[in-house]
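# Need coordinates for the below:
(one chain, ligands or ions: 1)
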Amino acid sequence: MLIHRTRVIQNLLITKLLKIPHSVTMSFNDNRRWVNHYAGPETPVSTICEQFSKFEGGKIELSKDDESGVAILKINHPERRNALSGSMMVDLWNAVNTLEDWKTGKGIILHSVGETFCSGGDLNTVRQISNPDDGYKMATLMHDTLTRLHQLPLISVALIQGKALGGGAELATSCDFRLFTEKGEMGFVQGRMGVVTGWGGGTRLVQLLGQHQALELLLTSRQIPASEAVTLGLANGITKSVELSEAVEETKQWLQLKLNHAPQIVHALKQIVATARAVPYEESLRNERQVFAMLWGGDANKKALEQNIKHK
Ligand SMILES: CCCC(=O)SCCNC(=O)CCNC(=O)[C@H](O)C(C)(C)COP(=O)(O)OP(=O)(O)OC[C@H]1O[C@@H](n2cnc3c(N)ncnc32)[C@H](O)[C@@H]1OP(=O)(O)O
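The predicted model follows:
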């Protein structure tokens, strides 16, 4: 009790002495290390959207093709090298809301225009929200959006046709797959900018590559070319085409090969994988048997049994 009280007083004094804003707490944690952590208010995402839609510039455009079941999410802000402004973060949040309701869809291609995939947060927006409270709001909005994009029952692929830097690299990790053109590069440059990953990319990078590779890429901020991205498992392939419209077509064909099953099977398989990467083992198994039971003996299953299919 006495130790706890001493620690609270110690923490208060340190916070005051170092003139740290009230929403940032410095404390001595149980591993006996000083840690800085945010302890400010939680803001509803809809309120953050209202605030962030005022930081204008560029667009994120969504188009859904019901015939193929593939939607295109296009990052369109070439004059700022496809950096995400506040209003584009809100566009993306709205696009994910729409995709969550797309029952007949199967896939998504995320790509951008011009020669850069995405140069991260729009520095014009960033300069206007450069304090812990607004930083926490941006991270809250982007965590909500990119987690839901990652967990959609649709199969997503990002086409990296140029540099994906900082938040741009984080955005790319929220897709199930990444295809690079020969000019594609990915760099977690946040450390060089005096920050860390703010859009959930640190967590997803550990899931994708394991802690050692993730730590190495985050610590060095080095830019990974296409060939190395494949070796590391960050990219799932390199397109033959470098030209953007041809690379988008190639990505569509690459994705279509994975979307031959009926939408409910694609959705169910994605749900199993998305759940497995997000929850503990036993919980994931429970989800898997629940998803399985819904399809077992269903119309598609009965039809397949009647056809006496041989998998030769
Ligand atoms: C949690 C998220 C945290 C983050 O995202 S941290 C990472 C922030 N991103 C950056 O620091 C990227 C900085 N930019 C660059 O390194 C280079 O501009 C980049 C992307 C390699 C492109 O190089 P180049 O093709 O040679 O083009 P350039 O440098 O002449 O830029 C053309 C115009 O675009 C602008 N621009 C580039 N990246 C931007 C950004 N992130 N936000 C706002 N504006 C950006 C750049 O200022 C320039 O504008 P202007 O034509 O001089 O008015």
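
# separation between the nearest residue to Asn236 once chain neighbours are set aside and the ligand?
Among residues not flanking Asn236 along the chain, Phe177 sits closest, at 4.5 Å (Cβ to Cβ, 6 or more residues apart in numbering). (Each C-beta comes from the backbone N, C-alpha and C, glycine too.) Note on Phe177: its distance to the ligand, by Cβ to the nearest ligand atom, to the nearest Å, is 22 Å.

# Also Lys312?
50 Å.

# likewise Val113?
Counting by Cβ to the nearest ligand atom, the gap from Val113 to the ligand is 13 Å.

# Which residues of the protein lie near the ligand?
For the chain, the residues in contact with the ligand (Cβ under 6 Å from any ligand atom) are 80-81, 83, 116, 119-124, 163, 165-167, 189-190, 193, 195, 198-199.

# Now which of these would you call buried?
80-81, 83, 116, 119-122, 163, 165-167, 189-190, 198-199 (16 or more other Cβ atoms under 10 Å).

# Specify which member of these is nearest to Gln151.
Sorting these by distance to Gln151 puts Trp199 at the head of the list, at 15.0 Å, by Cβ to Cβ.

# and the closest one, what pLDDT?
Note on Trp199: pLDDT of 98.

# so it sits right up against Ala169, yeah?
No - the pair Trp199 / Ala169 is not scored as a contact, 9.2 Å apart, by Cβ atoms under 8 Å.

# Spit out the contact partners of Val90.
Cys49, Phe52, Ser53, Leu141 (Cβ atoms under 8 Å, 6 or more residues apart in numbering).

# starting at the chain centroid, how far to the helix or strand hosting Ile265?
Assessed by DSSP states H and E, Ile265 sits inside helix 263-276. How far helix 263-276 lies from its chain's middle: 18 Å, per Cα atoms, centre = their mean, to the nearest Å.

# what mean pLDDT does stretch 304-312 have?
93.

# Now the terminal residues of that stretch, how far apart.
15 Å (Cα to Cα, to the nearest Å).

# same question, stretch 100-116
Length of stretch 100-116, first residue to last, Cα to Cα: 28 Å.

# Over to stretch 40-58?
Stretch 40-58 end-to-end distance (Cα to Cα) = 30 Å.

# just stretch 104-120 next, same as before
Start-to-end, stretch 104-120 (Cα to Cα) is 31 Å.

# again, but for stretch 288-303
22 Å.

# May I see the buried residues of that stretch?
Result for stretch 288-303 [16+ other Cβ under 10 Å]: buried residues Glu288, Val291.

# before we move on, the earlier item: so the residue nearest to Asn236 sits against Ser156, correct?
Yes - if you go by Cβ under 8 Å, Phe177 and Ser156 touch, sitting 7.2 Å apart.
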